Structures are given as C-alpha cells and as structure tokens.
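Engineer: Sequence first, then the predicted structure, then my questions.
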Amino acid sequence: MKESSRERQTSEGILYVVATPIGNLEDITFRAVRTLREVDAIACEDTRTSRVLLKKLDISTELISLHKFSEARKTHAILERLKQGEQVALITDAGTPAISDPGARIVRAALEAGFRVSPVPGPSVIAAALSVAGVEASSFSYHGFAPRKDHERSALFQRILEEGHTAVFLDSPHRLRDTLAVAAKDLTNARIVVLRELTKIHEEILEGSADTILAALESRGPIKGEIAVVLEPPRLTHYAPNMEDIVRMLVAEGLSGKKLADEARRRFGVKKTDAYDAYLRLYCHALNMRGSHRK
C-alpha cells in the first residue's frame, strides 16, 4: 500500500496556509481539499463560516477559532500542537490568510519557532481584481482597506499618485461613495475600476473616472457586497503634456505658486514638488532676470 504524505510526515509539525474561495466554492484547489482533510486541525477566522465550506467538501477535521481578537491567545496553543508533531491548516473566511485577514501573527510565531510553514495557494481578491481590471499590473501596490476619513483618503491617493503604479485596495460598501467623492476631487484623470462581489452570483465591474462611477451609482439604493478597487494613476508619459506645458497652462488659468502645484497634482497626477520647481524655474527666475536688468 502506497504511503500517504500524511503518514510520511507525522513526526513533523507543519503549519499550512490554505487559500479558500472568495465567493464561488468551486474555486478551491484539489490540494487545498486534500490538505484540509489530512491535517489534525484547522485554525479558522469564523467556525460558522468555515463549517459551510467544509460541509460542502465533506470534511470533518477539528476546527479552532482564530479570529483577530483571539489570535494572540490561541497562537501558543497552536504552537504546542506543532511541537507534538501535529499538522495544522490556517484558513480565513475567504481568500488567502494573513492578507487583510488574521494569520500573520501565528505564521511569524511558527517561523520563529523553527516550524515549517507551507503555502497552499489559491483564490485571492487582489489577483482576481487585477486580472479583470484591464490595467498595467507589472508592478502594483496593495493598501488594505481604504481609510475612513477624507483627509486620510486624500493622503492615500497622494501616495499612490507619487508612486506612479497601479494600486489595489478594499472598501466597505457603506463607504464606497465617500471614497469615490474624494477620488473625484483628487484623481481627476485616474482610471478607476470598482469590483463588487467577485466570483459570486451578483458579480459586477464598474470602470471609468470617479465621477462616472458615482453617476452610475447615483440611482441605486444601498451598495451591498464585498468591494475591491483598482486605481491606475494617470501616466504623464502616456498622454499628458510635459511638466513645463502643464505649468504654462495653469498659469494661463490664473494659478500660481502652491495652488498651481496642488492643481497639477490633482489634475495630472504629477508630484507637487516637481510642478512647483518648474513654476519657479519658468516664472520666478524670469521675473528675477527682468528685475536685475532694470537695476
């Protein structure tokens, strides 16, 4: 009889980090199903949610609750099980553990204690959102959940603009309109993709500017479901004028100094310092030269 992987490794404590579906239960991998059947216990974010999945898969492995409020307390108990040679799977309600979900603490503790930590990859809202957003994603940043306060949202958008590559963040359906309202002021030329209920029955993708998406949501009632947002900043080299042309255009509109720099950042996604430096170089230097000639 062929020896199973479980039988070969009974003396080695292993923590498996297992990705579970973000919506459609058919997205779970064969390896994830086998792992969840074979481990001694499954540490999960919410036992009620996980039981729904495990029942569908006909899995009866012991469950350990490991939510954000109990992670510190349960970490020691899970390490003790690993010391006894047990194998434990870590899952969350949806997607990959330890990414905007509980799990990072126990993963780090297991690594520092010298135990093997093995990923069982699969569904991820980040990868799913990027794959259907139609954006340049050779490099991107992930920012967790969008801030609650407007000034913090503005700071996030400023950082994304300065980094200059595609960004992904999550948002609450109750706060999405507020986030888009700030984006409409701060990200005039950015392309935004709002992805709702990915892989689920009511999956929806809205794309365009913040203004156009807000207009599309205007006639709707409360927004429901899980929300991911992909933001592609305007790329100056793709379609915007160069920095000096931007400054000249804004000066012609009556702007100057720091107000000009703010507007350049808002409208074209350039760094405020670059716009301000160009303004000083083009206009203040010229004024100083004319003044010196008068003398």
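Structural biologist: Noted; the coordinates are in hand. All of these numbers come straight from a predicted model, not from anything done at the bench. Residues are numbered from 1 along each chain as shown.
Engineer: ok but Ala89 is inside a helix, no?
Structural biologist: No: secondary structure of Ala89 (DSSP: H, G, I helix; E, B strand; the rest coil): strand, not part of a helix.
Engineer: give me the beta-bridge partners of it?
Structural biologist: Each beta-bridge partner of Ala89 is listed here: Tyr16, Ile42, as defined by DSSP bridges.
Engineer: okay, now it: neighbour count?
Structural biologist: Here the count is done by other Cβ atoms under 10 Å, and Ala89 has 26 residues near it. All C-beta atoms are positioned from the backbone trio N, CA, C, and that covers glycine.
Engineer: now do Thr49
Structural biologist: Burial of Thr49 is recorded as 15 neighbouring residues (other Cβ under 10 Å).
Engineer: is it true that it touches His67?
Structural biologist: No: at 10.4 Å, Thr49 does not count as touching His67 under the criterion of Cβ atoms under 8 Å.
Engineer: where exactly do the strands run in the protein?
Structural biologist: 14-18, 41-44, 62-65, 87-90, 116-120, 140-145, 166-171, 191-196, 204-208, 227-232 (DSSP state E).
Engineer: Could you measure from Arg73 over to Ala98?
Structural biologist: When distances are taken as Cβ to Cβ, to the nearest Å, Arg73 and Ala98 turn out to be 17 Å apart.
Engineer: In terms of packing, which of the two has more residues around it?
Structural biologist: A direct count of neighbours by other Cβ under 10 Å for Arg73 and Ala98 places Ala98 higher, at 16 against 9.
Engineer: If we ignore the residues flanking it in sequence, what's nearest that one?
Structural biologist: In this structure, Ala98 finds its nearest non-sequential neighbour in Ala104, 4.3 Å apart by Cβ to Cβ, 6 or more residues apart in numbering.
Engineer: count of neighbours near the one you found?
Structural biologist: Residue neighbour count, defined by other Cβ under 10 Å, stands at 13 for Ala104.
Engineer: The one 3 residues further on now?
Structural biologist: Val107 is flanked by 18 other residues according to other Cβ under 10 Å.
Engineer: For Pro97, see how far away it is.
Structural biologist: Between Val107 and Pro97 the distance, using Cβ to Cβ, works out to 8 Å.
Engineer: shared neighbours of those two, which are they?
Structural biologist: 17, 90 (Cβ atoms under 8 Å, 6 or more residues apart in numbering).
Engineer: ok, Lys83 touching Ile14?
Structural biologist: No: at 11.9 Å, Lys83 does not count as touching Ile14 under the criterion of Cβ under 8 Å.
Engineer: Between those two, which is the more surrounded one?
Structural biologist: Taking other Cβ under 10 Å, Lys83 and Ile14 do not tie; Ile14 has more neighbours (19 against 11).
Engineer: The more buried one contacts Leu111, doesn't it?
Structural biologist: No: contact status for Ile14 versus Leu111: not in contact, 11.9 Å apart, counting by Cβ under 8 Å.
Engineer: which residues are common contacts for the two?
Structural biologist: Taking Cβ under 8 Å, 6+ apart as the criterion, Ile14 and Leu111 both touch Val117.
Engineer: Distance to Thr29 added to the strands of the chain, as CSV?
Structural biologist: Listed next are these as CSV, based on distance: least, Cβ to Cβ, whole Å:
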stretch, distance to Thr29
strand 14-18, 9
strand 41-44, 15
strand 62-65, 20
strand 87-90, 13
strand 116-120, 7
strand 140-145, 22
strand 166-171, 22
strand 191-196, 22
strand 204-208, 24
strand 227-232, 21
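Engineer: would you list the ones you listed in TSV and tack on distance to Glu26 and mean pLDDT?
Structural biologist: Written out in TSV, the entries for the strands of the chain read as follows (distance: least, Cβ to Cβ, whole Å; pLDDT from 0 to 100):
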stretch	distance to Glu26	mean pLDDT
strand 14-18	16	98
strand 41-44	20	96
strand 62-65	22	94
strand 87-90	19	97
strand 116-120	17	98
strand 140-145	25	96
strand 166-171	23	97
strand 191-196	19	95
strand 204-208	20	93
strand 227-232	20	96
